[in-house]
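**Student:** return atomic coordinates for the entry below.
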Amino acid sequence: MRTPNPKSYRKLPAWQEAKKVVLKICQALENFPKEEIYGLSSQIKRAAISVASNIAEGNQRRTKADRISVFGIAQGSLDIAMSLRFSDKKKYEEILELINKSGFLLTRFIDSEARRNDLINPSKT
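**Tutor:** Residues are numbered from 1 along each chain as shown. Model (predicted):
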């Protein structure tokens, strides 16, 4: 087990990229039709926010199993955000590029977290 550091998640490249995704999506949704505020735009925004939130939350978990589980939830939210399409193709492609980068960094982070803990203390999870 490790002691969580509440500020350390802000230094994670995966969290930083996820935050960019949230900001870009919120910016793109400003031009969405008003009737979509509680529909598609809300769903897209919640999925994006969930990614960054779960990276931060997972980083605070004490055990490797808990951390990896919460990071997996972040990956699922990223998949949802990627599957929800915008009407503006250019904005969608820009956001998709950020989502792909965020997903790559998150996957690397999860793999690194799993290896690091196995190397430090192979008998505990």
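**Student:** remind me, longest helix of the protein?
**Tutor:** helix 89-120 (DSSP state H).
**Student:** and that helix, how far out from the chain middle?
**Tutor:** 8 Å (C-alpha atoms, centre = their mean, to the nearest Å).
**Student:** residue contacts, the residue most central in space within the chain?
**Tutor:** Residue closest to the mean C-alpha point of the chain, counted by C-alpha atoms, centre = their mean, is Val51 at 2.6 Å. When contacts are counted by C-beta atoms under 8 Å, 6 or more residues apart in numbering, Val51 touches Ala18, Val21, Val22, Ala74, Ser77, Leu78, Ala81, Ser102, Leu106. Quick note: C-beta positions are derived from backbone N, CA and C, even for glycine.
**Student:** least confident pick among the residues you listed?
**Tutor:** Among these, Ala81 carries the lowest pLDDT, at 77.
**Student:** just want the phi and psi numbers for that one.
**Tutor:** The phi and psi values for Ala81, taken as degrees, to the nearest 10, are phi -60, psi -40.
**Student:** so how far is the strand or helix carrying Val51 off the chain centroid?
**Tutor:** Assessed by DSSP states H and E, Val51 sits inside helix 40-60. Put simply, helix 40-60 sits 6 Å off its chain's centre (C-alpha atoms, centre = their mean).
**Student:** and the closest residue to Leu96 other than its chain neighbours, backbone torsions?
**Tutor:** In space, and not counting its chain neighbours, Leu96 is closest to Met82: 6.4 Å by C-beta to C-beta, 6 or more residues apart in numbering. Phi and psi for Met82, reported as degrees, to the nearest 10, are phi -70, psi -30.
**Student:** in contact with Met82, which residues?
**Tutor:** Leu96, Ile99, Asn100, Gly103.
**Student:** neighbour-wise, give me the winner out of those.
**Tutor:** Neighbour counts for those were taken using other C-beta atoms under 10 Å; the highest belongs to Ile99, with 25 neighbours.
**Student:** give me the nearest residue to that one, chain neighbours excluded.
**Tutor:** The nearest residue in space to Ile99 (C-beta to C-beta, 6+ apart) is Met82, at 4.9 Å.
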